[in-house]
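Colleague: What follows is a predicted protein model with its sequence.
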Amino acid sequence: MSLIAQIIVNIPARSINKMFSYQIPEPLGNVGVGWRVLVPFGNRRLEGFIVEIIDAESSGLKSIIDILDEGPWFDQHMLTMARWISEHYLCSLAEAMRLFIPGKSGVKSKVLYRTAQWDDPNQAEAYLGKVSPSARLLYESILQQGAVSRTQLEKQFGPQTAKLVQQCLRHQLIRLDYATSQVMRPKLKTVIELAVPAETVEARLQASARYPAQCRLLTALLTKSQLGPDEVRNLGIGHDTVKRLVASGLVTTRQIQIRRDSYAGRRHCPADIVLTTEQKKVLADIIPYINKKQGQSFLLHGITGSGKTQVYIEAVAAVRQAQRQAIVLVPEIALTGQIISRFKARFGDDVVVMHSKLSVGERFDSWQRLRRQQAGIVIGARSAIFSPVVRLGIIIIDEEHEFTYKQEESPRYHTHQIALARAALEDAVVIFGSATPAVETYYHALRQEHKLLTLTARVDNALLPEVTVVDMREELRLGRRSVLSLPLQELLTQTVARREQAVILLNRRGYATFILCRECGHVIRCSHCAASLVYHHAGNLLRCHYCQVTQNVPNVCPKCGSHYIRYFGTGTQKVEEEMAKLFPAARIVRMDQDTTGGKMAHDTIMDDFARGKYDILLGTQMVAKGHDVKNVTAVGILSADAVLNLPDFRSAERTFSLLTQAAGRAGRGNKPGRVVVQAYNPEHYAVLAGLRQDYGLFYQEEIKNRQELNYPPFCRLVKIIVQDKNERKTRQTAERAAADLRGLLGGSHPGEVIGPFTAPVAKINDLYRVIILVKTTNLRAVRDSIRKLDWLNAKEILIDIDPLTTM
Ligand code: ADP
Ligand code: ZN
Ligand code: ZN
């Protein structure tokens with residue numbers, strides 16, 4: 001009998017949803033549940049996660065090759081969450097565990113050994129006293145070589161290598177590093193410090209005026225305890241000088257870790273704010289739960305500009321006071337520069353920012369800081385919900401209604417559900433915040449599942465903007481064919497004349513340019529998807545918005561050879577051109593996916609606009625969100641209701657929230673705002689309620705419809721997508737799956753099976769798509785049934801629990 005590790009190997013395949021047993025070799029005896037290790041798998045070496053240790057017969061088992069961290073990566077909570085995710089979303093445990101590591105593919109190759117970094121140089125000596133002389137030799141060898149592989153060490157130290165390595169690791173003398181993922185290595189710099197008391201230096205300075213460079217360095221060190229390489233260079237001091245001073249014993253050098261922080265040095269705004277009565281009242285409801293360490297979820301419903309962000313900041317301050325940590329989630333990190341600046345202004349370096357454009361190295365650094373509690377607040381997009389904070393006190397989900405909180409690839413999790421589950425494990429508070437809560441969230445709040453908190457007034461009682469709706473059918477009848485209606489043109493003229501700023505929102509749905517043959521009517525389509533290609537001015541290309549394939553614009557119609565091919569539809573580019581003609585004096589900037597490719601391009605445009613470099617900001621959805629520019633007094637929304645035509649139960653909600661959010665951009669300062677909304681269905685309740693920014697009105701109508709048609713929150717949905725290269729086979733598989741489901745869910749089971757029906761986009765990436773929808777009031781039962789089906793893990797089948805859309 002010996003110790004066996006049950007390991008989940010990091011391969012994403014849903015079909016390999018099981019544990020593998022490996023022997024734990026004697027030198028790695030200290031590993032336990034939650035550790036990441038390197039294991040042989042087939043003829044490869046892969047990363048594995050230990051999820052269980054058992055005492056059993058081990059003959060014939062392969063051994064773990066090595067450990068990948070100095071301690072367990074997954075703590076109990078993380079493991080529990082991973083199991084919960086795999087159960088709830090019907091994915092493999094490996095898929096769920098991958099959510100918790102930076103750079104999903106993990107570590108594939110060998111480990112390097114390095115010496116540990118000490119803040120106090122004497123520390124190493126103290127620890128060295130506790131290890132055997134051979135272990136000391138091993139430590140010194142690593143110290144000399146910088147980074148050493150296991151093989152190199154084995155050449156030097158033979159069979160006892162493993163034991164010596166473990167001794168050094170246990171006494172924190174050395175640490176592990178990964179040879180393949182170089183980016184995950186902490187970045188180091190050498191700093192110089194005094195090695196003797198200041199008085200000694202002062203005495204020495206008086207004595208040695210002959211060496212000006214040395215004196216400059218010593219003088220600098222008297223005022224600043226530590227100098228980095230840049231500062232030394234700026235003092236005009238070379239390596240030789242430093243070396244000589246080190247040799248004389250006056251200064252020492254050591255390596256410290258540099259944090260990789262793309263946000264370092266960005267502008268921060270001041271924070272001298274007196275809370276409003278409403279803000280105080282809301283906080284008085286939240287803070288006791290934080291102080292009592294009692295789990296509770298809240299919905300903070302506050303109109304745009306009512307000061308929700310300030311409430312988040314104060315709640316987080318309370319959490320930090322209680323020495324716990326905070327996760328702050330935003331829908332899209334690129335759109336949320338202002339929230340980050342405000343948190344940074346208040347909490348400084350205690351904030352780490354996490355987003356997909358960080359290098360793996362940056363993410364690794366941030367995670368280490370959270371894990372070691374050197375940072376207490378993480379701000380990020382949905383994946384930050386998996387951050388390794390160790391003492392969770394609060395999770396804030398800002399703009400909770402946004403669709404980006406749902407992950408659209410396996411595991412298809414919804415951040416709300418993860419947040420609630422995670423908070424429940426750790427007795428943490430959850431705040432969902434929005435001006436336009438998701439209908440489901442609001443419904444649950446009304447049913448006391450979340451405590452409902454409201455902010456009804458804008459800070460400083462700024463007025464809601466005055467909104468006008470323009471019926472575009474009427475415009476057309478009056479013979480006006482411009483994309484900008486007359487009322488909007490007038491508004492823009494006045495705004496620019498007053499030197500105020502305007503935002504024009506183009507609803508993405510309505511603004512794409514296609515290429516159409518005048519001769520035969522052929523529209524150029526993607527050859528892999530059932531969708532037209534969209535013209536992009538940048539690069540003069542056609543792009544498929546589903547599979548991202550691009551191709552050049554043809555000169556002749558690919559179908560009939562005619563030269564009469566024309567652009568069709570109104571792209572953002574075209575709107576910009578038309579505006580430039582109408583307002584030749586205005587400085588116009590366009591922001592859409594074509595213009596925001598770079599890492600900070602979006603922020604740069606936003607910053608420039610906020611600084612008044614432009615009069616009019618024009619763009620798709622992304623201009624509607626997050627920013628708060630006081631000089632914006634006019635907002636125009638083009639094709640406000642384009643989404644209403646989508647065959648989906650959430651289209652009204654999307655329309656309402658878009659209108660409300662966009663209108664909320666106007667008149668945030670002390671100047672009144674005006675909004676012009678252009679629509680084709682101005683009588684629709686989502687448009688009407690949006691204009692009045694009346695959530696209650698919208699909710700009343702919407703919840704009636706949802707109940708009548710039996711959609712969430714009155715049922716849960718499970719969407720099953722069958723996709724295959726062969727159209728007939730796709731259909732057949734779907735028919736069979738639907739029959740299986742009807743068989744299982746018939747009778748006493750509460751599940752209605754709808755379909756199969758062809759997806760609105762019938763083909764994506766050469767895969768035909770057929771959908772089956774299950775509506776149920778007992779999701780658990782449905783999940784348990786689906787789990788029994790033998791096609792559960794087939795690669796043609798995608799399962800989406802609580803999908804965002806039925807499309
Ligand atoms: P929301 O997040 O609800 O849209 P914000 O928190 O961004 O609202 O607040 C809108 C504006 O009002 C911001 O510029 C913010 O700095 C300011 N603000 C918030 N609370 C206060 C307050 N108590 N006193 C003064 N200004 C405030
Ligand atoms: Zn043609
Ligand atoms: Zn395509």
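Modeller: Yep, it's here. Keep in mind the model is a prediction, meaning the values are calculated, not measured. Ligands and ions are numbered 1, 2, ... in the order given.

Colleague: For the residue most central in space within the chain, give me its contacts.
Modeller: For the chain, the residue nearest the mean C-alpha position is residue 381 (2.4 Å; C-alpha atoms, centre = their mean). Residues near residue 381 by C-beta atoms under 8 Å, 6 or more residues apart in numbering: 329-333, 354-356, 404. For every residue, glycine as well, the C-beta is placed using N, CA and C.

Colleague: Could you report the separation of it from residue 436?
Modeller: As judged by C-beta to C-beta, to the nearest Å, residue 381 and residue 436 stand 19 Å apart.

Colleague: and what of residue 296?
Modeller: Counting by C-beta to C-beta, the gap from residue 296 to residue 436 is 23 Å.

Colleague: Ligand 2 contacts on this protein?
Modeller: 517, 519-520, 522, 557, 559-560, 562 (C-beta under 5 Å from the ion).

Colleague: Need those residues in JSON lines (columns: secondary structure, neighbour count and pLDDT).
Modeller: Listed next are those as JSON lines, based on DSSP: H, G, I helix; E, B strand; the rest coil; neighbours: other C-beta atoms under 10 Å; pLDDT from 0 to 100:
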{"residue": "517", "secondary structure": "strand", "neighbour count": "22", "pLDDT": "81"}
{"residue": "519", "secondary structure": "coil", "neighbour count": "15", "pLDDT": "81"}
{"residue": "520", "secondary structure": "coil", "neighbour count": "13", "pLDDT": "80"}
{"residue": "522", "secondary structure": "coil", "neighbour count": "16", "pLDDT": "83"}
{"residue": "557", "secondary structure": "coil", "neighbour count": "20", "pLDDT": "87"}
{"residue": "559", "secondary structure": "coil", "neighbour count": "14", "pLDDT": "86"}
{"residue": "560", "secondary structure": "coil", "neighbour count": "13", "pLDDT": "89"}
{"residue": "562", "secondary structure": "coil", "neighbour count": "13", "pLDDT": "87"}
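
Colleague: Between these, which sits nearest residue 674?
Modeller: residue 517 (42.1 Å; C-beta to C-beta).

Colleague: who touches residue 740 in this structure?
Modeller: Counted by C-beta under 8 Å, 6+ apart, residue 740 has contacts 789, 791.

Colleague: So it belongs to a strand, correct?
Modeller: No: checked against DSSP: H, G, I helix; E, B strand; the rest coil, residue 740 lies outside a strand; its state is helix.

Colleague: Do you know the pLDDT at it?
Modeller: Residue 740 is assigned 88 on the pLDDT scale.

Colleague: ok, so what distance separates it from residue 607?
Modeller: In terms of C-beta to C-beta, residue 740 sits 55 Å off from residue 607.

Colleague: Who has more neighbours out of residue 296 and residue 436?
Modeller: residue 436 (28 against 18; other C-beta atoms under 10 Å).

Colleague: In this structure that one contacts residue 400, no?
Modeller: No: look at residue 436 against residue 400 with C-beta atoms under 8 Å: they stay out of range, at 9.5 Å.

Colleague: Could I get the pLDDT score of residue 473?
Modeller: For residue 473, the predicted pLDDT is 84.

Colleague: Which strand or helix spans it?
Modeller: helix 472-477 (DSSP states H and E).
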